[in-house]
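Peer 1: could you look at this predicted model? Sequence included:
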Amino acid sequence: MLKQPLILSKMNLVYAVVVGVMAVLPFVLDSRTMTILLTQFCIFAILAMSYDILLGYTGIISFGHAMFFGIGAYTTAIMLSDYGPSIGIFAASIVVGIVLSAIISVISGALTLRLKSHFYAMFTLAVSGLFLVLAEKWRTVTKGNDGFTFRAPELFRERLYFYFLVLICLVVIFILLKRIVASPFGKVLVAIRENEQRTRSLGFKTLGYKIIASVIAGSVASLAGSLYAISLRFVNTSVLTMDITLDALMMTIIGGVGTLIGPIIGAGVIEFAQHYLSGLARDYPIFERWIIFFGILYILAVIFFPRGIVGTVSMRYHEWKLKKGQKTKASVKLREKEIQR
Amino acid sequence: NSDSTDGDDSSTTNSAKQGESGTTETAASSTPIKVGVLASLTGALESYGKQTKNGFELGLEYATDGTMEVEGRKIEVVWEDTETKPEVAVQKATKLLEDDAVDFLVGSSSSGDTLAVLPLAEEYEKIMIVEPAVADSITGSEFNPYIFRTARNSSQDAYAAAAAIAGEGVKIATFAPDYSFGWDGVSAFKAAAEGLGAEIVLEEYADPAATDFTSNLQKIIDAKPDFLFVVWAGANSPWNQIADLKLQEKGIKISTGAPDIIALQFMEPLVGMEGFSVYHHTLPKNEVNDWLVEEHKARFNGEVPDLFTPGGFTAAVAIVEALKKSGGDADGNTLIPLMEGMSFETPKGTMTFREEDHQALQAMYAIRLEKVAEFDYPVPVLLRELLPEETEPPILN
Amino acid sequence: MEPILKTNNLSIKFGEHKAVDSINFEMTAKQFKSIIGPNGAGKTTFFNLISGELEPTEGDVFFKGQSLRKKSSVDRTRLGIGRSFQITNVFPNLTVLENVRLAVQSKRKVRFHMLNHFLKYKEITNEAIEILEQVLLTEKMHQVANQLSHGEKRKLEIGMLLALDTEILLLDEPTAGMSLEEVPAILDVIRSIKERGDKTILLIEHKMDMIIDLSDSIMVLFNGALLADGSPEEIMNNETVQQAYLGGLAYE
Amino acid sequence: MNNILTLERVETFISQYHILQGINFEAKAGEVSVLLGRNGAGKTTTLRTIMGLTPASKGVIHFDGKDITKMTPYDIANSGIGYVPEDQGIFGQLTVEENMKVAIRKETNATMQKQAYILELFPDLKKFWKKQGGNLSGGQKQMLAMARAFVNDSKLLLIDEPSKGLAPIVIEKVMEAITEMKKHTSIVLVEQNFMMASKIGDTFTLIDDGRTVQSGEMQGLIEDEQLKRKYLGIG
Amino acid sequence: MELIISLAINGLATGMLIFLLAAGLTLIFGLMDVLNFAHGGLFVWGAYTGVFTYLWSNSFLVGIVVAILTGLVLGFITEKLIIKPVYGNHVQQILITLGFMLVLQEMIKVVFGPNGVPVKVPSYLAGSWQIGDLTIIKYRIFIIIVGFALFGVLYFILNRTKIGLVVRAGVMNREMTQALGINIKRVFLIVFMCGAALAALGGMLMAPYSGVVYAEMGMEYAILGFIVVVIGGMGSFQGSLMAAILVGLAGSFMAYYVPFLSVAVNMILMASVLIFRPQGLFTVAKG
Ligand SMILES: Nc1ncnc2c1ncn2[C@@H]1O[C@H](COP(=O)(O)OP(=O)(O)OP(=O)(O)O)[C@@H](O)[C@H]1O
Ligand SMILES: Nc1ncnc2c1ncn2[C@@H]1O[C@H](COP(=O)(O)OP(=O)(O)OP(=O)(O)O)[C@@H](O)[C@H]1O
Ligand SMILES: CC(C)C[C@H](N)C(=O)O
Ligand SMILES: [Mg+2]
Ligand SMILES: [Mg+2]
């Protein structure tokens, strides 16, 4: 038990180095494309982490996560275009987006989080589908399916500054969520994932926990949506489509559910794989159908990393450690038995 | 591979400085002009993307007489696939503007992608030729001065459609998919048709993904219009059901835009309908188009240019013509005044960038869909060429 | 003295079948009472009604005079009614320690604490480890629960109930499938709780020697109804009980 | 050789855990062989290894003259072994009837008669014939699990802790049934209830820590107070 | 009155078509509990292979047979390569089947070209009957008949044989079914292949109805299939049939009477079913 903090601090060092590298990367590479790609990666990493709170920690599959992402994106876009592109308005829009997302999570959660896996997933699919229709139909506000452009706050027109903002958000959210999942509250979420009925009979009001989890996930997704809108300075209904949800889902699963670092890695794998594969298509005609290779990537991921990259690597590591330690452990066990007799 | 530009490492740094040294003519012969083209090369809209691509390449050749040079400067083209995703479009556009340091942007196959890229053109002060995205807002509410559109916009479609069928006392019902594309199309059409004295008796909208349109068609039958004007896009089309429910036998004439060749194949049930066309290679009668059709056939084993091929072609011509005017200077701010009001020859005849919103005014065609011996699909046959002025849309920016 | 637990005409029907049939029962605090009855008599269902897993079709349960009709199973656990399950019901992918720790966490009302690391709550872990010692699972502490053998899972099940530390303990066949060697150890745990004298215990078992040894009183269910209720001697000598339940094996 | 089943130096891993480290065991035809051992000794794993559910990595298992070590569970089952698992393995959302239907290999007259006999033995099953398996009481599930294994004609039955959760009077019936089954089948029994084990068992095998410790005639064990104390904690 | 009949017939036909789409999913998702996002891919492959042979041989029937064969073969490959490693694990199922869906969809473009292909109703099923003001499209009646026939066959197989029970048992406890002597792997393989064949058949029958096949059609219809399976109650063919008809009728009547909501009708329907009757509309306690 006492070893834990030590390991944590070792891990923290690794994290710090990675963040440091990411912070200087744009200077080293000195390419705005790379900066934008890194920005997108950070935004989707935030989205994927938020999804993991549902899927990985609470065991809830949602097919409607794009709804919250879209709420954030639209709130920011609408407020910036209506009230002017200042940092203050941007900050306010993030807050409004989060509040809206939270309210919607509470309502839909209270209605249906009692439902079992598929059913909840299908319900969220329906609700987010309705949001998509709403965004298309409420044209006075959303300009419909084509969407609209708007001006970002002056500061963020410099992509580098915006990248730093997004990176900071990623780090802060990571730390915050890490905290939450490692807290007593987080332990209860995991218990719900494992056996909800038993959790209840231990005296935990699971519905409350599930709603809070979906509020957290929804709020973080909304933040990701706000950042996404700024990164494009444009919004249209694509932010509410199933594609966004599926992206979040795939990133989480590829990286490893139930580990926060997993979704980040998953986001990286998918964003960069997509970027480079479609780049290959430009240079080599065989890659014209690069999406096939992208699909194969998913298939291989499941076959070689059944628990996601992080999950599988850490499992292999533990197995390896166990094998190494087995001889000694077995003899210890034997001795203990002897003493008992 | 001809899509990409190789060996541009040395030139990148040069052209990056282009912004400052743009007015000094001395560099002109050394540095190439770079054009970045965004198109959907994969996904549902890939056939549009490919049309643009083929057209653009031919257009460059045509406009430079095969030299691929203008005012002594080579023209290089870089292609990027937007995958019909706005965030990818922005990523790719930024790559083009930053890493490739292109002087012009062209694109793209989807209005969403295009809208997302518009602010970048302004930020980098580069001319962007919009082709073939149609949303009115591109040259309307979302307009910025660096945007020039060679594609026709939704309103032009609507005016063409109205010109083809509307008249004093004609009763028209409309049928469109239930989202922006449909609503925009119908409202523009309505304005145009009513302007011509027609009466819109019913506006029906249907879920574009629906499997069954009978309910909507039933209502249209009940409304007993003279014409049914249909705005549609996408593979899941209502044509079969319109035929099955015998609207034409019930005295309701159908009218719609003639789309690309693939989609025309699905319109067998609509043979006889009168509507409009943006382009079919048999429609325009001019040298440029003849050249395009010939060369396209020669180059792409006998295939003829399709709906958006002349668009790509036109975009290339517009760029070359503009550069000729500026003496090879690709600076955005220099070009804007030169391009405003510029007229140029295209496969669809003379086009002119309207000064106010940079929309190219262009010919459209009133047509009838007919079975013609040498084609295995229904072909739009020319009734009348609609002059650019006839389909001039309102200025919305 | 007011009964700590009382049922009033408690009944539940599954379709036509009355699994629990108008049971009136009460027990005073710190009593040790056992429930016996043939398979399917309604013992587990009776527990489910008390713990709130099921809703009665008729009647009510009272805890210290308070009606539990509107209380969910969560509320009842919090009020002080804890239970173990007959069919092992643990968190399969968590370690043995984590399983017990969750129960301790609930008892200590560490619920929505979101911003402190779990390890800050050292006393929770320590208490969990103590309990694992009591139920002879220290060695398996870091093993994942679904890697346990059946008997080991039973021990874990009891450990979780003990960790909840509720006033009333409902034990549903705690030693079923436990090895001969270990049954006495678990019995000792239960006996020591009884001797500490602060818990009210309700036990379902089929092992008669154990029941006679521990119980203050025994109640017998049969076809959902209360057949008899009394001291161990009374029950053992009851003709009907003999026939319906014990058969010839009563005294072996 | 009248051994229906023999295990020679069988070793089994579950993922990387070395659970069985050398099991030697034989069951004679027409007898009840009892496996004994403390919790976690490896009794259940032994049965699962015989069934092919956790295949042996070393050693050989012979059943009825055939080597079944590498066979799939369903082939093993079809070669004539019935299995009552420790956790009963009831299909919770199927009715009792459907549970039986899935289990019955061939609907012959003989099996139908057998089914009737079993329902006689466990009237509760007949009573709840159309009820979902998951809603049965613990003891009723145990009965259903046994019924599913008994109904087919098997040469060997593997039964894991049948008395667990059963009322004394039902235990009597189960003992009766096993004695009855013994006439046509051999039985391997894991049982913690020493009273029951000693009454119906013919031979015993003691397992501890994944190894066979001792085996012999049941009578011998009953008399060997020291052995009982050491491994079973009784005496 | 005629209006109502017309709406009802069309709704029913659409419903039947949706049932054909959902039937395969009822087996694979409802019964086997596999979240098969590649279902749309099987559907499109059935449609394309069927349509191409139909166009080439000029026989609709041959097209149908080829579509079914494609479904069986693809089902075999899919089960062996993609599904087998992930039974019982929804999370992995989503990822791997979505990946496979991308492969299937893009392979269509490689093999058959990227563009949609027009399909005509065979001459003997083309056209419509006119009864007064009522227009009845022949192909729809055909669809209704095929739908009911298929339902009958499936119902018979699942209720008269043990296979449905075995599959459900296998989903609940795989090990135990094996220990009872059932080769559950083979059973799952066969059932999956049947599900795939149903998907392929659905695609083939859909093609002349909408007049076109295109690579992206799979995903759209697969989602509709999932909706129907959930509304109808997982794994129940009766439920799927009723739910499909309900969806068809609701679409038809809503489009006429409440056009504003018609885009959202499926979503509204599903959301309300899940709120008010989460176990599905038509689940009867007894299988
Ligand atoms: N959820 C339910 N639905 C339908 N019937 C049920 C349900 N739960 C229990 N029953 C029935 O109620 C009766 C009583 O079951 P219960 O589990 O209470 O028995 P029990 O006394 O605990 O028996 P055992 O000693 O075998 O555990 C049984 O016949 C059982 O089939
Ligand atoms: N899946 C698994 N992974 C790791 N270890 C396991 C697994 N299953 C069982 N074990 C371990 O193997 C050992 C033997 O288990 P087994 O179930 O065979 O015991 P048993 O003799 O049947 O015990 P009981 O009497 O409690 O049922 C136990 O120590 C158990 O913890
Ligand atoms: C006509 C096409 C180019 C339409 C395209 N989807 C657009 O949005 O512009
Ligand atoms: Mg019970
Ligand atoms: Mg065991």
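Peer 2: Happy to help now that I have it. Ligands and ions are numbered 1, 2, ... in the order given.
Peer 1: where does chain A dip in pLDDT?
Peer 2: Where chain A drops to pLDDT under 70, the residues are A:1-9, A:117, A:325-341.
Peer 1: okay, domains of it per the record?
Peer 2: Domain assignment for chain A by the TED database gives A:31-254, A:315-340.
Peer 1: hey, which of those domains is tucked in deepest?
Peer 2: Highest mean neighbour count among those (mean count of other Cβ atoms under 10 Å in any protein chain shown): domain A:31-254, with a mean of 22. For every residue, glycine as well, the C-beta is placed using N, CA and C.
Peer 1: shouldn't residue D:86 be in contact with residue D:159?
Peer 2: No - taking contacts as Cβ atoms under 8 Å, residue D:86 lies outside contact range of residue D:159: 9.6 Å.
Peer 1: who has more neighbours out of these two?
Peer 2: Between residue D:86 and residue D:159, counting by other Cβ atoms under 10 Å in any protein chain shown, residue D:159 is the more crowded of the two (26 against 20).
Peer 1: what's the local residue count around the residue nearest to that one when sequence neighbours are not counted?
Peer 2: Nearest non-adjacent residue to residue D:159, counting by Cβ to Cβ, 6 or more residues apart in numbering or on different chains: residue D:84, 4.5 Å away. Neighbours of residue D:84 under the rule other Cβ under 10 Å: 24.
Peer 1: what about the helices in the stretch 1-150 of chain C?
Peer 2: Using DSSP state H, counting those that start in this stretch, the helices found in the stretch 1-150 of chain C span residues C:43-51, C:73-79, C:96-107, C:122-134, C:150-164.
Peer 1: what about stretch C:166-181, how long is it end to end?
Peer 2: Taking Cα to Cα, to the nearest Å, stretch C:166-181 runs 28 Å from one end to the other.
Peer 1: and it, anywhere near ligand 2?
Peer 2: Yes - using Cβ under 6 Å from any ligand atom, we find that stretch C:166-181 touches ligand 2 at residue C:179.
Peer 1: just the element for the closest residue to residue C:151 other than its chain neighbours, please.
Peer 2: Closest residue in space to residue C:151, ignoring its immediate chain neighbours: residue D:39 at 3.0 Å, by Cβ to Cβ, 6+ apart. Counting by DSSP states H and E, residue D:39 is held by no secondary-structure element, helix or strand.
Peer 1: need the contact list for residue D:39.
Peer 2: Residues near residue D:39 by Cβ atoms under 8 Å, 6 or more residues apart in numbering or on different chains: C:149-152, C:155, C:178-179, C:181-182.
Peer 1: and the two most separated of these?
Peer 2: Farthest-apart pair in these is C:150 and C:181; separation 14.5 Å (Cβ to Cβ).
Peer 1: how far away is the closest residue to residue E:200 other than its chain neighbours from residue B:367?
Peer 2: Of all residues not flanking residue E:200 in the chain, residue E:46 sits nearest, at 2.3 Å (Cβ to Cβ, 6+ apart). Per Cβ to Cβ, to the nearest Å, residue E:46 is found 37 Å from residue B:367.
Peer 1: check residue A:299 too.
Peer 2: Taking Cβ to Cβ, one finds residue A:299 at 48 Å from residue B:367.
Peer 1: looking at those two, which one has more neighbours?
Peer 2: residue B:367 (26 against 20).
Peer 1: confidence score at the residue lying closest to the more buried one once chain neighbours are set aside?
Peer 2: Nearest in space to residue B:367, with sequence neighbours left out and distances taken as Cβ to Cβ, 6+ apart, is residue B:380 at 3.7 Å. According to the prediction, residue B:380 has pLDDT 94.
Peer 1: wasn't residue B:380 part of a helix?
Peer 2: No - according to DSSP: H, G, I helix; E, B strand; the rest coil, residue B:380 belongs to no helix; its state is strand.
Peer 1: dump the helices of the stretch 1-150 of chain C to TSV, plus distance to residue D:166, mean neighbour count and mean pLDDT.
Peer 2: Supplementary listing: the helices of the stretch 1-150 of chain C in TSV, determined by distance: least, Cβ to Cβ, whole Å; neighbours: other Cβ atoms under 10 Å in any protein chain shown; pLDDT from 0 to 100:
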stretch	distance to residue D:166	mean neighbour count	mean pLDDT
helix C:43-51	13	25	92
helix C:73-79	27	20	89
helix C:96-107	27	26	91
helix C:122-134	28	18	89
helix C:150-164	15	26	88
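Peer 1: looking at the stretch 151-300 of chain A, which residue is nearest ligand 2?
Peer 2: residue A:194 (15.9 Å; Cβ to the nearest ligand atom).
Peer 1: grab the nearest non-local neighbour of that residue.
Peer 2: In space, and not counting its chain neighbours, residue A:194 is closest to residue C:91: 4.1 Å by Cβ to Cβ, 6+ apart.
Peer 1: ditto for residue E:62
Peer 2: Residue E:62 sits nearest to residue E:53 (Cβ to Cβ, 6+ apart), 5.6 Å away.
Peer 1: show me where the chain has helices.
Peer 2: I went with chain A, as the question did not name one. A:3-29, A:32-52, A:66-83, A:87-112, A:117-137, A:139-142, A:159-182, A:184-194, A:196-201, A:206-232, A:242-255, A:261-283, A:290-304, A:308-340 (DSSP state H).
Peer 1: I was thinking of chain E, sorry if that wasn't clear
Peer 2: Secondary structure of chain E (DSSP H): helices located at E:2-25, E:39-57, E:60-78, E:90-112, E:138-160, E:163-172, E:174-179, E:184-210, E:217-232, E:237-257, E:265-276.
Peer 1: can you check which of those helices gets nearest to ligand 2?
Peer 2: Minimum separation from ligand 2 across the helices of chain E (Cβ to the nearest ligand atom) falls at helix E:174-179, 12.1 Å.
Peer 1: helices and strands around that closest one, which ones?
Peer 2: Applying 3 or more Cβ pairs under 8 Å, 6 or more residues apart in numbering or on different chains; DSSP states H and E, we find helix E:174-179 packed against helix D:73-78, helix E:163-172, helix E:184-210.
Peer 1: just say which of the ones you listed is most tucked in.
Peer 2: Of all these, helix E:184-210 has the most neighbours on average by mean count of other Cβ under 10 Å, namely a mean of 24.
Peer 1: is it correct that the residue nearest to residue A:194 is in contact with residue C:99?
Peer 2: Yes - Residue C:91 lies in contact with residue C:99 (Cβ under 8 Å); the separation is 5.2 Å.
Peer 1: overlap in contacts, the two.
Peer 2: Shared contacts of residue C:91 and residue C:99 (Cβ under 8 Å, 6+ apart): residue C:145.
Peer 1: what's the distance between the residue positioned nearest the centre of chain A and residue A:254?
Peer 2: Chain A has residue A:48 as the residue nearest its centroid, 1.4 Å off, counting by Cα atoms, centre = their mean. Using Cβ to Cβ, we find residue A:48 at a distance of 9 Å from residue A:254.
Peer 1: kindly report the same for residue E:10.
Peer 2: As judged by Cβ to Cβ, residue E:10 and residue A:254 stand 44 Å apart.
Peer 1: ok, now residue E:142?
Peer 2: 44 Å.
Peer 1: before we move on, what about residue E:92?
Peer 2: Counting by Cβ to Cβ - residue E:92 and residue A:254 are separated by 11 Å.
Peer 1: on that earlier part again, could you tell me the least trusted of the helices and strands packed on helix E:174-179?
Peer 2: Among the helices and strands packed on helix E:174-179, helix E:163-172 scores lowest, at a mean of 89.
Peer 1: if we can go back for a sec, I'd like the helices of the stretch 1-150 of chain C written out as TSV, with distance to residue E:260 added.
Peer 2: What follows is the helices of the stretch 1-150 of chain C, written out as TSV (distance: least, Cβ to Cβ, whole Å):
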stretch	distance to residue E:260
helix C:43-51	48
helix C:73-79	43
helix C:96-107	50
helix C:122-134	56
helix C:150-164	54
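Peer 1: to residue A:249, which of these lies closest?
Peer 2: For the helices of the stretch 1-150 of chain C, the distance to residue A:249 is smallest for helix C:96-107, at 26.8 Å, taking Cβ to Cβ.
Peer 1: this completes my enquiry, with thanks.
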